[in-house]
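**Student:** sequence and predicted structure, then a few things I'm wondering about:
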Amino acid sequence: MPTSGLADGHTSSAAISATGLRKSYGDKTVLDGIDLHIPAGSVFALLGPNGAGKTTTVQILSTLISADGGQAQVAGHDVATSPEGVRAAIGVTGQFSAVDGLITGEENMLLMADLHHLPRSEGRRAAAELLERFDLVEAAKKPASTYSGGMKRRLDIAMTLVGNPRIIFLDEPSTGLDPRSRHNMWRIIRELLSDGITIFLTTQYLEEADQLADRIAVLNNGQIAAEGTAEELKRLIPGGHVRLRFSDPSVYQSAALALREATRDDEALSLQIPSDGGQRELRSILDWLDSADIEADELTVHTPDLDDVFFALTGGADKAEEAVR
């Protein structure tokens, strides 16, 4: 599992790194000194409510806008002094598709090949391969305006891959998609990762980050409120517990007397023991049950999910201020 590595200073080994990144619009501070370190070949998810600065971060790292302060490197190139090097190494897919609906899917692909100055034969070959990979061959000759939301998003990513980028920024890629299309998008992202591509993902779908990301950062009020793996973030929030359920009332009473720190539910014959769900604590509980010759009929572990983490760290998305993103 990748590690954040900010403290070790090895930013040169990162696909994306940033130190003290700042951006304001008038008197509104959007980014207030954020640090990032994203290893090559990993998926990094940036979570945050509307207005938290997710899209602004992507725009700075992809050289679309400049930062007011701090430094950032993408694919070994400084975003301020070597924007051409950054652009040559990245692809960007936003929540608003870059697909031209007036032309066909194939023509969109060939247009992108021309923008990358590919020879005509190479551009046609790349377009054909990507249309097949993204299951768009049957629709290739149809106007993109006739595509479903999921098809347009697949075409958008296929167009991004024409330039063979090493790093892809996916800015809320599954916004507006139905559940089936969203899961198809997840499959595509996993395939990109298997190709060794680094993926910077912004999303408001917590399940999406949980499913895909090696590391997750929660952005709130222009700052990184927390960063880690999904499991590390979940352990930040109290409320985890182990629940023991019994079918024999006498066994339940014996366990309840012995485990006085547990919360009792006499009607359900269950005990709730505070726990972070870690392996050591679970082993301790199992060892205690064995030593006391007590057999629970059911043991379940409950840990906070990313929803709990998100709302605890951001104070609830409904409280997010309207801001420039």
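**Tutor:** Good, I have the coordinates.

**Student:** who's in contact with the spatially most central residue of the chain?
**Tutor:** The chain has Ala45 as the residue nearest its centroid, 2.7 Å off, counting by C-alpha atoms, centre = their mean. The contact partners of Ala45, by C-beta atoms under 8 Å, 6 or more residues apart in numbering, come to Leu201, Thr202, Thr203, Glu208, Ala209, Leu212, Ala213, Arg215, Ile216, Ala217. In this view, the C-beta of every residue, glycine as well, is placed from N, C-alpha and C.

**Student:** mind checking pLDDT for it?
**Tutor:** If you check Ala45, the pLDDT there is 96.

**Student:** name the SS class of it, please.
**Tutor:** Here Ala45 is recorded as strand under DSSP: H, G, I helix; E, B strand; the rest coil.

**Student:** low-confidence ranges in the stretch 151-300 of the chain?
**Tutor:** Low-confidence segments of the stretch 151-300 of the chain (pLDDT under 70): 239, 277.

**Student:** which parts of it are helices?
**Tutor:** With helices called from DSSP state H, counting those that start in this stretch, the stretch 151-300 of the chain shows them at 179-194, 206-212, 230-234, 249-258, 279-291.

**Student:** who's the residue nearest to the centre of the chain bridged to?
**Tutor:** Leu201, Ile216 (DSSP bridges).

**Student:** please apply the same query to Leu244.
**Tutor:** Leu271, Leu299.

**Student:** residue contacts, it?
**Tutor:** With C-beta under 8 Å, 6+ apart, Leu244 has these contacts: Ala255, Ala262, Ser270, Leu271, Gln272, Ile273, Ile285, Leu289, Ala296, Glu298, Leu299.

**Student:** of those, which is the nearest to Ser13?
**Tutor:** Ile285 (40.2 Å; C-beta to C-beta).

**Student:** gap between that closest one and Gly105?
**Tutor:** 56 Å (C-beta to C-beta, to the nearest Å).

**Student:** of those two, which one has the most company?
**Tutor:** Taking neighbours as other C-beta atoms under 10 Å, Ile285 and Gly105 compare with Gly105 leading, 29 against 17.

**Student:** what residues are up against the nearest residue to the more buried one once chain neighbours are set aside?
**Tutor:** Of all residues not flanking Gly105 in the chain, Ala140 sits nearest, at 4.9 Å (C-beta to C-beta, 6 or more residues apart in numbering). With contact set as C-beta under 8 Å, 6+ apart, Ala140 has these partners: Thr104, Gly105, Glu106, Leu131.

**Student:** how far away is the second one from Pro143?
**Tutor:** Okay, so that is Gly105. Distance from Gly105 to Pro143, by C-beta to C-beta: 8 Å.

**Student:** also the third one?
**Tutor:** Here the criterion is C-beta to C-beta. By it, Glu106 lies 11 Å from Pro143.

**Student:** which one's more surrounded, these two?
**Tutor:** Glu106 (20 against 15).

**Student:** tell me how many other residues crowd the nearest residue in space to Asp100 that is not next to it in sequence.
**Tutor:** Distance criterion C-beta to C-beta, 6+ apart; nearest residue to Asp100, sequence neighbours excluded, is Asn108 at 5.7 Å. By other C-beta under 10 Å, the residues close to Asn108 number 27.

**Student:** residue contacts, Asn108?
**Tutor:** Val99, Asp100, Ala144, Leu155, Met159.

**Student:** what do you get if the cut-off is 10 Å, keeping everything else the same?
**Tutor:** Contact analysis of Asn108 by C-beta atoms under 10 Å, 6 or more residues apart in numbering lists 98-102, 127, 131, 136, 140, 143-144, 152, 155-156, 158-159, 162.

**Student:** cool, and Asn220?
**Tutor:** Taking C-beta under 10 Å, 6+ apart, we find Asn220 in contact with 47-49, 51-53, 226, 310, 313-315, 317, 320.

**Student:** apply 7 Å and report the result again.
**Tutor:** Neighbouring residues of Asn220 by C-beta atoms under 7 Å, 6 or more residues apart in numbering: Gly48, Ala52, Leu313, Thr314.

**Student:** quick check: beta-bridge partners of Arg22?
**Tutor:** Assigned bridge partners for Arg22, using DSSP bridges, are Asp32, Gly69.
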